[in-house]
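> Below are the sequence and a predicted model; questions follow.
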Amino acid sequence: MPKIRFDMLVEFLEQVVGDKKLHVKWLNTLSMMENVGARKIAAAEHPTKVTTMMLKHAAEEARHAYYLKRLISKLDISVPDTYDFQYLLAPINSLQYLHRLDVFASRYLKEELGLKGHELKYASYLLVTYAIEVRADELYPIYEDVLKRLNSKVSVRTIIVEEEGHLADMKIQLEDFSTYWEAHANAITSYESLLFDKWLEKTQASISPKVLFAH
């Protein structure tokens, strides 16, 4: 991660963790994004040829969504029961993040490999999930470091360990998918980096007193 973006992310997370109301919205936003991921994986499953690995990933992403939601209670503040926009940071960008990446990956795979149908869905699942796991492998440890330094009751260590396992799983599946998987993965992760920069910009911009929900 470039130093400028790293510094921006750390500064943003320090601001979030230092304010309970912002922290609630941040955790709820992460929970929502993990839930979108679980739903995306389920949507990519074949009716009968679903793999054990896909079931594992869908289940763990859903569990992460629940776990992040429950972490909010550690902040001694009410837990938003839904993902309504007033309870999220940069709600539109956060909600559409994975969808935009999925659309890009599908177009890329159609143009580069001529895939369609279930093969397209499965290949898109592999590449999009890989890109998101690369991002999670970067984001969550930075977040955990900020949590520790600011003596927060919240910890995401459990998620970090599982996301590391997810990334290793995806590399194995991608190696089976294509000899040139790294070139395809680089195309998707490059686009994801652009999405992340835009998302971080929008998320930072959403932090102002007028967007905080009453407690």
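Yes, it's here.

> Who are the packing partners of the lowest-mean-pLDDT helix or strand in the chain?
The weakest-scoring helix or strand in the chain, judged by mean pLDDT, DSSP states H and E, is helix 3-17 (a mean of 88). Counting contacts by 3 or more Cβ pairs under 8 Å, 6 or more residues apart in numbering; DSSP states H and E, helix 3-17 packs against helix 20-44, helix 117-149, helix 181-205. (Glycine included, C-beta is placed from N, CA and C.)

> Just give me the neighbour total for T189.
Burial of T189 is recorded as 18 neighbouring residues (other Cβ atoms under 10 Å).

> ok, back up a step: any idea which of the helices and strands packed on helix 3-17 is most buried?
helix 20-44 (a mean of 21; mean count of other Cβ atoms under 10 Å).

> Contacts for the helix or strand that that one is followed by, please.
Beyond helix 20-44 in the direction of the C-terminus, DSSP states H and E gives the next helix or strand as helix 52-71. Among residues not part of helix 52-71, those counted as contacts by Cβ atoms under 8 Å, 6 or more residues apart in numbering are 27-28, 30-32, 34-35, 37-38, 41-42, 44-45, 79, 125, 129, 154, 156, 158-159, 162, 166, 169, 173.

> okay, the helices and strands packed on helix 3-17 in TSV with mean pLDDT and distance to M8 next?
Compiled in TSV, the helices and strands packed on helix 3-17 are given as follows (pLDDT from 0 to 100; distance: least, Cβ to Cβ, whole Å):
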stretch	mean pLDDT	distance to M8
helix 20-44	94	15
helix 117-149	95	11
helix 181-205	95	7
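
> Quick check: which of those helices is nearest to P91?
Closest approach to P91 among these is made by helix 20-44 (7.8 Å; Cβ to Cβ).

> Remind me what that closest one packs against, helices and strands.
On the basis of 3+ Cβ pairs under 8 Å, 6+ apart, helix 20-44 makes packing contacts with helix 3-17, helix 52-71, helix 91-113, helix 117-149.

> Centre of the chain to the last one, how far?
It stands for helix 117-149. Put simply, helix 117-149 sits 6 Å off its chain's centre (Cα atoms, centre = their mean, to the nearest Å).

> So which elements touch that helix?
Right, helix 117-149 is packed against helix 3-17, helix 20-44, helix 91-113, helix 157-177, helix 181-205 by 3+ Cβ pairs under 8 Å, 6+ apart.

> same deal with the third one?
With contacts defined as 3+ Cβ pairs under 8 Å, 6+ apart, helix 91-113 has these neighbours: helix 20-44, helix 117-149, helix 181-205.

> CSV for those helices, including distance to K110?
Converted to CSV, these look like this (distance: least, Cβ to Cβ, whole Å):
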stretch, distance to K110
helix 20-44, 15
helix 117-149, 7
helix 181-205, 12
